[in-house]
Each structure stands twice: as structure tokens, then as C-alpha cells.
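Q: build me a model:
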Amino acid sequence: MSPVDVVLTTALKSILSMSPCRLVNMSFSSDVLPSALKQGGVSLLLKKSGLDPSEIMDYRPIMNLSMMSKILETLALRRPQPYMMLTGNLSELQSVY
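A: Have a look, this model is predicted:
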């Protein structure tokens, strides 16, 4: 991002954040994820260099989602954490799995 982009984005952050904030709130209140955010592209990445590129099992699928869907995912995962910590249902040492 160029310095001009940073200054412009900072100056317009209240205007730019209205739409994503509204989208997040509407999505959470209606329990509906807009269908445009359910789409993504899949890229195949070779697991290790030196593996046979003609073998499909040597590839790892990578899902490329939109930035807004990743923001919604992060916010949705963080919502229950305070409640779970308060009620003792989530250990402070809880890992991803």
C-alpha cells in the first residue's frame, strides 16, 4: 500500500467502515451469510519441492476467500469466547484443536 493510500484510507475510515460494519451486524442478526461471500477460488500448491507435479496427492488445496468473508469468519469465531471464558467452558490454554 502506498503512503497516499494509507493517508486516504485513514481519512475515510469512518465512511469506509460503515458498509462492512453494517454487513457484519446484519449477517449476525439474521444468521445469513450473503451468497457472494460464500464463493472463493481454489489453488493447488505443491506440498514440498521435489515432489512429482503429475501426482495429484502431492498437492495441497488452498481456498482463497474474499477479505470480507475472512473478517466475518474471524468475528464469528471470537463472539463466543468471552462467554466461554466466563463460564469456564474454555481453558486459557485452549489450542486450535
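
Q: now Gln39: closest residue in space, sequence neighbours ignored.
A: Closest residue in space to Gln39, ignoring its immediate chain neighbours: Ser66 at 7.8 Å, by CB to CB, 6 or more residues apart in numbering. Where C-beta positions appear, they are placed from N, C-alpha and C, glycine not excepted.

Q: the one you found contacts Ser35, doesn't it?
A: No - when contacts are counted by CB atoms under 8 Å, Ser66 is not listed as touching Ser35 (11.9 Å).

Q: which of the two has more neighbours?
A: Taking other CB atoms under 10 Å, Ser66 and Ser35 do not tie; Ser66 has more neighbours (14 against 7).

Q: contact partners for the residue nearest to Gln39?
A: Residues in contact with Ser66 (CB atoms under 8 Å, 6 or more residues apart in numbering) are Ala36, Leu37, Gln39, Gly40.

Q: which one (most neighbours) among those residues?
A: For those, the largest number of neighbours (other CB under 10 Å) sits with Leu37, at 18 neighbours.

Q: distance of the closest residue to that residue other than its chain neighbours relative to Gly40?
A: Leaving aside its sequence neighbours, Leu37 sits nearest to Ser69 (CB to CB, 6+ apart; 4.1 Å). Remark: distance between Ser69 and Gly40 (CB to CB, to the nearest Å) = 7 Å.
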